[in-house]
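1. I would like the atomic coordinates for the input below:
(one chain, ligands or ions: 1)
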Amino acid sequence: MRVDVVTIFPDYLAPLGLSLVGKARQAGLLDIRIHDLRDWAEDRHRTVDDTPAGGGPGMVMRPDVWGAALDAVLADDGAPAVLLVPTPAGEQFSQRLAHDLAATLEAGSRLVVACGRYEGIDSRVAEHYASVPGVAVREVSIGDYVLGGGEVAALVVIEAVARLLPGVIGNAESLVEESHGLAGLLEGPVYTRPLAWRGLEVPAVLRSGDHARIARWRRGRALDRTVERRPDMLGRLGPGQLDRADRAVLAQHGLLVTPEGLRPLRIRPAGPDDAAALAEVAAATFALACPPGTEPADIEAFVRDHLSPEAFAVHLADPGCAILLAEPGTTWSGDLAGSAGTTASDGGDGTGSSGPALGYTLARIPLHPDDAPGDPDVDAVVPQRPVAELSKCYVRSEHHGSGLADALLAAAHADLAGRTVDGVPLAAVWLGTNRGNRRARRFYARAGYRVVGARRFRVGAVLHHDVVMVRPLGTVDAAGR
Ligand code: 6GU
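-> Numbering: from 1, shown residues only. Alright, predicted model coming up:
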């Protein structure tokens, strides 16, 4: 594959003899030729520039010299060519464009790079070659900063393209997982030996040998990094590219995946003004956790008696109650350019709410460190003290699978892990969930809960069977947090 570079500083391109590109040239995979533009200058001083038409600072490169040079280089054979002109005014160079150029080269095209200096090349050069049959002109910038000329950009483009050509990189797999690769995410952190270095350890999950868990962890960290450093890239991910675990990671960053795109999400402790919003979301979600066959009248009665605004007002005033609320945010702390409906803010996840509550958690905190859960069935199987009860964790059904519940539960754990009872940190959190509700059991199991026993209780005439699950606080969850 043939690449030509025209420049007034041929020595600037010397690095193309080194490393990956140099080896590809030696192996005969790449034929790179560097040309000195001044070889086509006509005068004694080998002049290639002149003052800008219309006045102004600097110098502009002459079209006649460039025309002679490019005609000669392009005439060398009849193959179609991409004429690449590096300029800070060009389209943004990207991994996508690198892939495009690599494919074009593979299909038999040549690449000719015209490196300008000074204020650039007379614009008629690009205009003219764009109309020459078999020549495609691409004016390309490598970033939002100004260089002294196109040579460094030529090095960048040629290296990015060369490593995509067949045979240039030994391990083609390393092309798959890298930043700006097909996943549309930044690559996450990488580690090697020694396992402990200056007090810093290689994350335990990478030593687990559990390849599915490792892949999951890597994907999570890639998402973390993309959210933190390049949130604009998230806007280009379709909902179909984000699985349930991805959505959970995003939700923990305050981003909810919806059919309309990413929306800000806010999870916060509920306050005295939230009784009505909590009652509303509680009424909308309570039936979801009832076993099939529960009488609608019993559900209604329960909602009326226990999930009313008045009931939540009592909970909100109770120091033994910790309630978190998830709601749509109005803003997101990052800059999600390209993702409609979000605006930059001055920091903090989604300040202000813009709609009804999406879900909530309600935990009960013991008043004394030694207090037992209070239900004899549960007391016997939950030995940890002090132990909180996760009494409610509900998310509207339209957000099931969105990661919202995972984020809400993680926020509840973080909240509980930060609490003490008479100065003693909470050791664990327990919950009861319907024995037959496999979705809920799987959800809690994923979040680190383990079944320790069973309990029974009555709603109306129906006897309910729960499993009792416990999760220690202050440990890491499956996402490595
Ligand atoms: Cl391609 N050329 C120059 N001169 N400056 C640049 C650039 C190119 N890309 C970013 N800055």
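2. tell me the secondary structure at the closest residue to the ligand within the stretch 151-300 of the chain.
-> Residue nearest to the ligand within the stretch 151-300 of the chain (CB to the nearest ligand atom): Ala153, separated by 3.3 Å. Quick note: C-beta positions are derived from backbone N, CA and C, even for glycine. Three-state call for Ala153 (DSSP: H, G, I helix; E, B strand; the rest coil): helix.
3. wait, isn't it in contact with Ile142?
-> Yes. Here Ala153 reaches Ile142: they are 4.6 Å apart, a contact under CB atoms under 8 Å.
4. need the overlap of contacts for the two.
-> 86, 93 (CB atoms under 8 Å, 6 or more residues apart in numbering).
5. neighbour-wise, which of those two wins?
-> The neighbour count for Ala153 versus Ile142, taken as other CB atoms under 10 Å, is higher for Ala153 (24 against 21).
6. identify the residues contacting that one.
-> 86, 93, 115, 140-142, 147.
7. quick one: which of those residues is nearest Asp466?
-> For the contacts of Ala153, the minimum distance to Asp466 (CB to CB) is 58.5 Å, reached by Phe93.
8. helix or strand for Pro86, just tell me which one.
-> For Pro86, the host element (DSSP states H and E) is strand 81-92.
9. quick one: contacts for the residue in the stretch 1-150 of the chain positioned nearest to the ligand?
-> Per CB to the nearest ligand atom, the residue of the stretch 1-150 of the chain with the smallest distance to the ligand is Pro86, at 3.0 Å. For Pro86, the contact set (CB under 8 Å, 6+ apart) comprises 113-116, 139-142, 150, 153-154, 157.
10. okay, and which of those residues map to strands?
-> Among the contacts of Pro86, the members found in strands (DSSP state E) are 113-114, 139-141.
11. what distance separates stretch 107-119 from the centre of its chain?
-> Mean-position distance between stretch 107-119 and its chain equals 34 Å (CA atoms, centre = their mean, to the nearest Å).
12. do me a favour and get the end-to-end distance for that stretch?
-> End-to-end distance for stretch 107-119, by CA to CA, to the nearest Å: 34 Å.
13. so which bits of that stretch are buried?
-> The neighbour-count check on stretch 107-119 (16 or more other CB atoms under 10 Å) flags 109-118 as buried.
14. any idea which of those residues is least confident?
-> Across the buried residues of stretch 107-119, the smallest pLDDT goes to Tyr118, namely 80.
15. mind listing what the closest residue to that residue other than its chain neighbours touches?
-> In this structure, Tyr118 finds its nearest non-sequential neighbour in Met59, 4.3 Å apart by CB to CB, 6 or more residues apart in numbering. When contacts are counted by CB under 8 Å, 6+ apart, Met59 is found next to 49-52, 118-119.
16. and Phe457, helix, strand or coil?
-> Assigned with three-state DSSP, Phe457 falls in the strand class.
17. got a list of what the closest residue to it other than its chain neighbours touches?
-> Distance criterion CB to CB, 6+ apart; nearest residue to Phe457, sequence neighbours excluded, is His464 at 5.4 Å. By CB under 8 Å, 6+ apart, His464 lies in contact with 291, 434, 456-458.
18. re the thing from before, quick check, pLDDT for the residue of the stretch 1-150 of the chain closest to the ligand.
-> 98.
19. got it, and Thr330?
-> In this model, Thr330 is scored at 88, pLDDT.
20. low-confidence ranges, the stretch 351-481 of the chain, go.
-> Within the stretch 351-481 of the chain, the stretches with pLDDT under 70 are 351-354, 475-481.
21. circling back: how about the next helix or strand after the strand holding Pro86 and the ligand, touching?
-> Beyond strand 81-92 on the C-terminal side, the first helix or strand identified by DSSP H and E is helix 95-106. No. Figure legend: helix 95-106 not in contact with the ligand (CB under 6 Å from any ligand atom); closest approach 12.1 Å.
22. so which bits of helix 95-106 are buried?
-> The neighbour-count check on helix 95-106 (16+ other CB under 10 Å) flags 97-99, 101-102, 104-105 as buried.
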